[in-house]
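Student: only geometry, no sequence info:
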């Protein structure tokens, strides 16, 4: 029988939740790296027992940990993220120039074809690549240096490169997203990049349709249709059907289209999930009701999913990397909250259960479907 | 032997139980002690000092014989009591909430 492993990064350590394919009983292990912020963990699709974790601390900086035993044991690997050349400046919150400075790794994306290759999205925004299992990191500096970098600015969480999507059908194509710069695409393996933000509208910019500066919160893709992208922007749910060349707003009947997470069903490329949040200054769900919204039409038409989720007095947030799906026949959907709950549905979102309830604030959720 | 005491998170990271004992050849200074510590425990590179500039991370402090050495020049010789191992070199995480 298949197994599921949920990797939860939290404000004070990492946790691993495991279940068999029924997904009704969960074993929780952790904390790993207790006391450290674990922004993200992710397993290699090639070797699922290889897991990478981003471990950081305001006191002690950045570490990257690697497990080759499914999270049972860990070893630190390389933690030097040196920008290529003179980093230059980006915009500060008030528009003044501010020097690029490494803060932390937000996202680790293992290659779908090579267990030794992994990408890291960092703050201040840049993309790094390792081809030796995380020991040495080199910047793919064509992104930061393609020309618009001086116009990028930090969002409230910092100027983070938080999304890395690898096109499974084309190893030269990658998408990344930065808050607050926008989405970018490479078609040559990371040498050159272009902004792909046409159709985005952001009122906080002097030119709301500017080429860059948009606060993209997360982007999701179904592996069977890598040219179709779904975006949760600061406000607005967007979709693109042509690899980001043009975006269309698909917020439809959502109660609010502010939020952080967005994800796609494992087997239905037009079924997508978001968690609407009241506003950008009130980072909690509308009316104290935690609701996942599902669209089976790729946007515009949304239904609330509430069974098993708190429908009163709930004021948690769901951060941008804190939703994932498994690939069992009946797709499982998982998300973590800043209140420390991890909710799971083993029926595509119809019913939800808290599979663990009192963790530190959850920063990220990833799921591995194991044989 | 120079005795270096690390905060709990760095002891866990470096997989050391308590005090780290170091031999330093040449003058015993802030820099030479940190160089020796990072040579003995490479995982601490980047955790105490910035990789590129070797500047102390902002929330790290150095205490020596009851005095704050966080802002001392890296090449200033440490007191004989530290160099001779009678007093520890304390590496402390700043009180900053969290």
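Tutor: On my side now, so go ahead. As the structure is a computational prediction, the values presented were derived from the model and not from experiment. Residues are numbered from 1 along each chain as shown, chains lettered A, B, ... in the order given.

Student: for stretch A:127-136, the distance to its chain's centre please.
Tutor: Stretch A:127-136 has its C-alpha centroid displaced from the chain centroid by 19 Å (C-alpha atoms, centre = their mean, to the nearest Å).

Student: can you give me the end-to-end span of that stretch?
Tutor: End-to-end distance of stretch A:127-136 (C-alpha to C-alpha, to the nearest Å): 13 Å.

Student: per-residue confidence averaged over that stretch?
Tutor: Averaging pLDDT along stretch A:127-136 gives 98.

Student: buried stuff in it?
Tutor: A:127-130, A:133-134 (16 or more other C-beta atoms under 10 Å in any protein chain shown). (Glycine included, C-beta is placed from N, CA and C.)

Student: what do you get for stretch B:32-46?
Tutor: Buried residues in stretch B:32-46, defined by neighbour count with 16+ other C-beta under 10 Å: B:32-38, B:41, B:43-46.

Student: near chain A at all, that stretch?
Tutor: Yes. Applying C-beta under 8 Å from any C-beta of the partner chain, one finds stretch B:32-46 in contact with chain A at B:43, B:45-46.

Student: of those, which is the nearest to residue A:209?
Tutor: Using C-beta to C-beta, residue B:46 comes nearest to residue A:209 of those, at 40.5 Å.

Student: let's see the pLDDT reported for the closest one.
Tutor: pLDDT for residue B:46: 96.

Student: quick check, it in contact with residue A:61.
Tutor: Yes. In this structure, residue B:46 is within contact of residue A:61 by C-beta atoms under 8 Å, at 5.3 Å.

Student: list the ones among the buried residues of stretch B:32-46 that fall in helices.
Tutor: Judged by DSSP state H, helices contain the following of those: B:32-38.

Student: how about those in JSON lines, adding pLDDT?
Tutor: Listed next are these as JSON lines, based on pLDDT from 0 to 100:
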{"residue": "B:32", "pLDDT": "97"}
{"residue": "B:33", "pLDDT": "98"}
{"residue": "B:34", "pLDDT": "97"}
{"residue": "B:35", "pLDDT": "97"}
{"residue": "B:36", "pLDDT": "97"}
{"residue": "B:37", "pLDDT": "98"}
{"residue": "B:38", "pLDDT": "97"}
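
Student: reformat those residues as a markdown table; add distance to residue A:203.
Tutor: A markdown table is the format used below for these (distance: C-beta to C-beta, whole Å):
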| residue | distance to residue A:203 |
| --- | --- |
| B:32 | 55 |
| B:33 | 54 |
| B:34 | 49 |
| B:35 | 52 |
| B:36 | 55 |
| B:37 | 51 |
| B:38 | 48 |
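
Student: so which of those residues is the closest to chain A?
Tutor: residue B:38 (12.3 Å; C-beta to the nearest C-beta).

Student: ok, the closest residue in space to the closest one that isn't next to it in sequence to residue B:54 distance?
Tutor: Using C-beta to C-beta, 6 or more residues apart in numbering or on different chains and skipping residues adjacent in sequence, the residue nearest residue B:38 is residue B:45, 5.0 Å away. The gap separating residue B:45 from residue B:54 is 10 Å, by C-beta to C-beta, to the nearest Å.
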